[in-house]
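Student: dropping the sequence and predicted coords here.
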Amino acid sequence: MFGVLFPNRSFPMDMSSFSQIDTLHWVLDMNYFVGEAYDQIKEMCIFLLNEFSLPPDKVLSVYIQSPGSPFKYCGAVYRGCPSAVFSLSWPEPGGQMQLTSDNIPLSAKIGVSVEDLSMIPALNVSQQQRIEHLAMKVGENLFNFMQSFCSMDGNKLVVPSDILDRWFKKFQERAKRDPEYLKSFVI
């Protein structure tokens with residue numbers, strides 16, 4: 001039905017690498033795949049193996065889960081979009097270390113689920129909210145930078161003509177120096 005690939009980390013794997021929970025749900029335990037370094041896996045490509053592997057009114061949704069946290073939606077593939085590369089923004093692990101009933105620490109997981117195509121717009125709302133949040137944070141950063149160089153002329157705000165170039169150069173330099181900097185803009 002589907003295959004996955006972790007860019008620069010794996011060869012293509014089919015669904016047999018996942019544990020099948022039931023006829024519509026599969027889970028990949030990241031402890032068996034990469035150990036505790038699951039958060040170093042930043043992207044995942046998922047693809048349908050052929051056009052008949054999924055009914056036309058269904059999608060294959062991808063979710064990620066850090067230890068002790070709820071599953072978080074990443075995206076979906078379907079007949080109209082049979083492959084995709086998803087950015088994996090792992091949620092913060094939940095609270096203190098939690099154990100299974102066998103006293104084994106909980107691990108990070110990737111879940112794959114067959115769902116109704118009609119569910120996609122509702123699931124994509126959270127992705128749209130993250131994009132809006134990112135845009136707001138970048139805009140706020142620009143505004144704060146501009147404030148330190150502006151002056152008032154009556155009812156008008158006056159800024160140097162090269163202010164956008166200066167801000168963008170500073171923004172790029174900081175992002176190059178500190179890769180974690182850009183993560184502060186994401187939910």
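Tutor: Yep, it's here.
Student: quick one: pLDDT of the nearest residue to S87 once chain neighbours are set aside?
Tutor: Here the nearest residue to S87 in space, its sequence neighbours aside, is E43; by C-beta to C-beta, 6 or more residues apart in numbering that works out to 6.0 Å. From N, CA and C alone the C-beta is placed, and that goes for glycine too. Note for E43: predicted pLDDT of 89.
Student: ok, E43 - contacts?
Tutor: If you count contacts by C-beta atoms under 8 Å, 6 or more residues apart in numbering, E43 has them with F6, P7, V85, F86, S87, L88.
Student: quick check: phi and psi at it.
Tutor: Here the main-chain torsion angles of E43 (degrees, to the nearest 10) amount to phi -140, psi 150.
Student: any idea how far apart the tips of stretch 2-21 sit?
Tutor: Looking at stretch 2-21, the gap from its leading to its trailing residue is 15 Å under the measure C-alpha to C-alpha, to the nearest Å.
Student: give me the mean pLDDT for that stretch.
Tutor: Per-residue scores along stretch 2-21 average to 87.
Student: L117 is in contact with V59, isn't it?
Tutor: Yes. Here L117 reaches V59: they are 5.3 Å apart, a contact under C-beta atoms under 8 Å.
Student: okay, and the common contacts of those two?
Tutor: With contacts defined as C-beta under 8 Å, 6+ apart, the residues adjacent to both L117 and V59 are Y78.
Student: neighbour-wise, which of the two wins?
Tutor: Neighbour totals were compared for L117 and V59, and V59 leads with 23 against 16 (other C-beta atoms under 10 Å).
Student: the more buried one reaches V114, doesn't it?
Tutor: Yes. V59 lies in contact with V114 (C-beta under 8 Å); the separation is 7.5 Å.
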